[in-house]
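1. coordinates only, no sequence provided:
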């Protein structure tokens, strides 16, 4: 095995994690701290180009997102296809919940030693002049605004509560937009609090928004929180936190392999990171990434 560790340099534990990983796995592998936004993607491309067998992201959902985009962007990806895993170190860690990862280096070592993996689907969001991949969840509406606040709250003493603080500051003042959704299986047009396109089950720092989502079934799960009031949302929040479906006339569930989302001034986020605005075309690429389980 040739291991390439990409460690989010902004994490408070980054230097101590690097030292412990080196002691655990040995100095023959690569251990690199990121220095800026986008650096993880550059490093992932280097790992693929140099035929490393395993790529390990040490960070949160945003770090993993950068790594996946870097991996797939390499021209060598289809022939030199490293197995991916990660050590959860973010403020949300929603993909870790979906895959039942814990945050210990011991568990990471066990996964690598076992070397069992799944062929994991990847979502692809396309705009007119841009595109980006995601592993977990893409969200239009409320989630995009929350992600913008999370980015600000990550810098500071209470960074571990970034998601909770962001939701509390955005939710009371959020104004719903008219959003149009179109796929072969599903149509919607109207006011929406949030439109979630899920490959994984959890998002937003522990909200089980898509209980039926499977990351290896070649499908994306759509969840539309339509003209739902803030008080109603708070009323149903305990069910969402438990990963249970909501029975409400304005909450809709569907599955698809491709969907178009149209709206005006509607922010979106992918894997917790601010992306672009609608409109966008979102599709799934079945089994694109080999992920340790």
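-> All right, it came through fine. The model shown is predicted, which means the values in this text are computed figures rather than measured ones.
2. and the closest residue to residue 13 other than its chain neighbours, how many neighbours?
-> Once flanking residues are discounted, residue 13 sits nearest to residue 89: 6.4 Å by C-beta to C-beta, 6 or more residues apart in numbering. Backbone N, C-alpha and C define where each C-beta goes, glycine included. By other C-beta atoms under 10 Å, 21 other residues sit near residue 89.
3. separation between residue 89 and residue 79?
-> Look at residue 89 and residue 79: by C-beta to C-beta, to the nearest Å, they are 30 Å apart.
4. check whether residue 259 sits in a helix, strand or coil.
-> Three-state call for residue 259 (DSSP: H, G, I helix; E, B strand; the rest coil): strand.
5. next: residue 119.
-> strand.
6. cool, and residue 244?
-> Classification of residue 244 using three-state DSSP returns coil.
7. list the contacts for it?
-> 208, 211 (C-beta atoms under 8 Å, 6 or more residues apart in numbering).
8. what are the buried residues along stretch 45-58?
-> 45, 46, 47, 48, 52, 54, 55, 56, 57, 58 (16 or more other C-beta atoms under 10 Å).
9. out of these, which comes closest to residue 13?
-> Among these, residue 58 lies closest to residue 13 (C-beta to C-beta), at 8.7 Å.
10. now name the helix or strand holding that closest one.
-> Using DSSP states H and E, residue 58 falls within strand 54-59.
11. quick one: contacts of that strand?
-> Residues from elsewhere that reach strand 54-59, judged by C-beta under 8 Å, 6+ apart: 1-8, 11, 14, 17, 21, 34, 40, 44, 47-48, 63-64, 67, 71, 82-87, 89-90, 108, 112, 292.
12. mind checking the pLDDT average for that strand?
-> The pLDDT scores in strand 54-59 average 97.
13. any low-confidence regions in the chain?
-> For the chain, the stretches flagged by pLDDT under 70 are 151-164, 275.
14. can you list the domains in it?
-> Each domain of the chain is listed here as a residue range: 3-115, 131-287, per automatic domain parsing.
15. for the longest strand anywhere in the chain, packing partners?
-> Identified as the longest strand of the chain according to DSSP state E is strand 280-292. Contacts defined by 3 or more C-beta pairs under 8 Å, 6 or more residues apart in numbering; DSSP states H and E place strand 280-292 against helix 61-73, strand 83-88, helix 105-114, strand 117-126, strand 220-225, strand 258-263.
16. number of nearby residues for residue 240?
-> 21.
17. one more: residue 229?
-> If you count neighbours by other C-beta under 10 Å, residue 229 ends up with 11.
18. next, it: phi, psi?
-> phi -70, psi 160 (degrees, to the nearest 10).
19. same check, this time on residue 44
-> Dihedral angles for residue 44 - degrees, to the nearest 10 - are phi -60, psi -40.
20. OK, contacts around the nearest residue to it once chain neighbours are set aside?
-> Nearest residue to residue 44, sequence neighbours excluded (C-beta to C-beta, 6+ apart): residue 70, at 3.0 Å. By C-beta under 8 Å, 6+ apart, the contact list for residue 70 reads 40, 41, 42, 43, 44, 45, 48.
21. how far away is residue 88 from residue 62?
-> The value you get for residue 88 to residue 62, if C-beta to C-beta is used, is 12 Å.
22. please read the previous query as pertaining to residue 198.
-> 17 Å.
23. now swap in residue 202 and tell me
-> Applying C-beta to C-beta, the value for residue 202 to residue 62 is 15 Å.
24. in the stretch 101-250 of the chain, which spans are strands?
-> With DSSP state E, counting those that start in this stretch as the criterion, the stretch 101-250 of the chain has strands at 117-126, 131-134, 137-141, 177-182, 187-192, 194-198, 220-225.
25. helix or strand for the spatially closest residue to residue 66 that is not a sequence neighbour, just tell me which one.
-> In space, and not counting its chain neighbours, residue 66 is closest to residue 40: 3.7 Å by C-beta to C-beta, 6+ apart. Secondary structure from DSSP H and E places residue 40 in helix 39-49.
26. count the neighbours of residue 225 for me.
-> Neighbours of residue 225 under the rule other C-beta under 10 Å: 25.
27. ok, residue 44 touching residue 5?
-> No: if you go by C-beta atoms under 8 Å, residue 44 and residue 5 don't touch, sitting 11.2 Å apart.
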